[in-house]
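[1] Show me the folded form of this:
(chains A, B, C and D, ligands or ions: 4)
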2 protein chains.
Amino acid sequence: MESEELRNAGLKVTTPRLKILTLLEKASERHMTAETIYRLLAEGGEVIGLATVYRALAQFEAAGLITRHHFDSGQTVYELERGPHHDHIVCIRCGRVEEFYDKMIEERQREIAASLGFTLSDHALTLYGECNSPDCLAGKG
Amino acid sequence: MESEELRNAGLKVTTPRLKILTLLEKASERHMTAETIYRLLAEGGEVIGLATVYRALAQFEAAGLITRHHFDSGQTVYELERGPHHDHIVCIRCGRVEEFYDKMIEERQREIAASLGFTLSDHALTLYGECNSPDCLAGKG
DNA sequence: CTTGCTTTTGATAATCATTCTCATCTATAT
DNA sequence: ATATAGATGAGAATGATTATCAAAAGCAAG
Ligand SMILES: [Zn+2]
Ligand SMILES: [Zn+2]
Ligand SMILES: [Zn+2]
Ligand SMILES: [Zn+2]
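    Ligands and ions are numbered 1, 2, ... in the order given. Predicted coordinates for the structure are as follows:
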């Protein structure tokens, strides 16, 4: 249960934290901004201060429960840390986010870093393009 | 000369624009924030309004003269568009930025996008790690 | 080289996302 | 149930970026 996850992370079990963590686990979209999380909670009748949302997200990240991304929109996007590492492809028309993992790219990155004298600790790879989802294509002029 | 570049970009030739473009071409560091550009100019005796710096950078980008990046620091970094495409590796200790190009990774990206039904138009790849430059290592605790 | 029209500049206000402050409230251990 | 460290929420503060607008500068014509 979510209470366990919070306790394991060394965080007190509070209503706001439970609501936010639950939303991150249940929401249909896995990649959300703090504003979106705040709004979705409010729409669901759970009014939690925006500052509290930001605080909880920072704590969850420190505890390794979630990760943050900076897509080109500029705004920070959060997602639940679940399953193995992956990178992202974002539709520049409708904003849809898909995930992928490519062993070859991951390996090349390590080789490149080593060849440049860096000890690799992290990376951010995001592809941008237009997707072929029916909803997205429908919006075409 | 820089005047030509501005005219070709459809921009009037003005002193602030010339100074900014010249700095982008001459500075030892190719990747700079708007603030850094503003400060370097001011230190060189060329006081140009910060708003003008931001405006010029936006116009240069629209004209394809420069590109912008969002490294994990959050702040926007600008660099002169010169030579072929490349990606970046950033030292998380000293901030040094190196550039690299990997044909294999570029190709894989296109394949991945296609396999997910996306028409790839752009991408952002940044590696993070600790570099082995003497200056950087010296700062170690 | 002046005139006149258009664009640009710079100071500053406004905006946006995010963080901080602090008085009040709450989770947990006794 | 009580005490106490920690959490919350409202709103102020911050930092980066953009918008406003009067004054200044670029540019084409005469
Ligand atoms: Zn789409
Ligand atoms: Zn993801
Ligand atoms: Zn570069
Ligand atoms: Zn370094």
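[2] Tell me which helix or strand in chain A has the weakest average pLDDT.
    helix A:134-138 (a mean of 87; mean pLDDT, DSSP states H and E).
[3] and A:Leu18, how far is that from A:Leu41?
    For A:Leu18, the distance to A:Leu41 (CB to CB, to the nearest Å) stands at 11 Å. (Each C-beta comes from the backbone N, C-alpha and C, glycine too.)
[4] shouldn't A:Arg96 be in contact with A:Glu130?
    No: assessed by CB atoms under 8 Å, A:Arg96 is found out of contact with A:Glu130, at 10.1 Å.
[5] Tell me the residues that contact both of those two, please.
    Shared contacts of A:Arg96 and A:Glu130 (CB atoms under 8 Å, 6 or more residues apart in numbering or on different chains): A:Cys136.
[6] Tell me how many other residues crowd A:Leu21.
    A:Leu21 is flanked by 21 other residues according to other CB atoms under 10 Å in any protein chain shown.
[7] all strands in chain A, in order from the N-terminus.
    A:66-70, A:76-80, A:87-91, A:97-100, A:119-130 (DSSP state E).
[8] The longest one and chain B in contact?
    Looking back up the chat, that one is strand A:119-130. Yes: counting by CB under 8 Å from any CB of the partner chain, chain B has neighbours in strand A:119-130: A:Thr119, A:Leu120, A:Ser121, A:Asp122, A:His123, A:Ala124, A:Leu125, A:Thr126, A:Leu127, A:Tyr128, A:Gly129, A:Glu130.
[9] Quick one: residues contacting A:Glu79.
    A:Leu24, A:Arg30, A:His31, A:Met32, A:Ile66, A:Thr67, A:His69.
[10] ok, which stretches of chain A are helices?
    A:2-8, A:15-26, A:34-43, A:50-62, A:103-115, A:134-138 (DSSP state H).
[11] How far does the last one sit from its chain's centre?
    I take that to be helix A:134-138. Relative to the centre of its chain, helix A:134-138 is centred 24 Å away, using CA atoms, centre = their mean, to the nearest Å.
[12] And that helix, what's buried?
    Buried residues in helix A:134-138, counting neighbours by 16 or more other CB atoms under 10 Å in any protein chain shown, are absent.
[13] for the fifth one, same thing?
    When neighbours are counted by 16+ other CB under 10 Å, the buried residues of helix A:103-115 are found to be A:Ile105, A:Arg108, A:Gln109, A:Ile112, A:Ala113.
[14] go on, the fourth one?
    Within helix A:50-62, the residues that qualify as buried are A:Val53, A:Ala56, A:Leu57, A:Gln59, A:Phe60, counting by 16+ other CB under 10 Å.
[15] tell me which parts of chain A are close to chain B?
    Checking chain A against chain B by CB under 8 Å from any CB, the hits are A:70, A:72, A:74, A:89, A:91-92, A:98, A:100, A:102, A:104-105, A:108-109, A:112-113, A:116-133.
[16] Show me how to select, in PyMOL, the buried members of these.
    The buried subset of the residues of chain A next to chain B, as determined by 16+ other CB under 10 Å, is captured in PyMOL by this line:
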select buried, chain A and resi 70+89+91+92+98+100+102+105+108+109+112+113+116+118+120+123+124+125+126+127+128+129+130+131
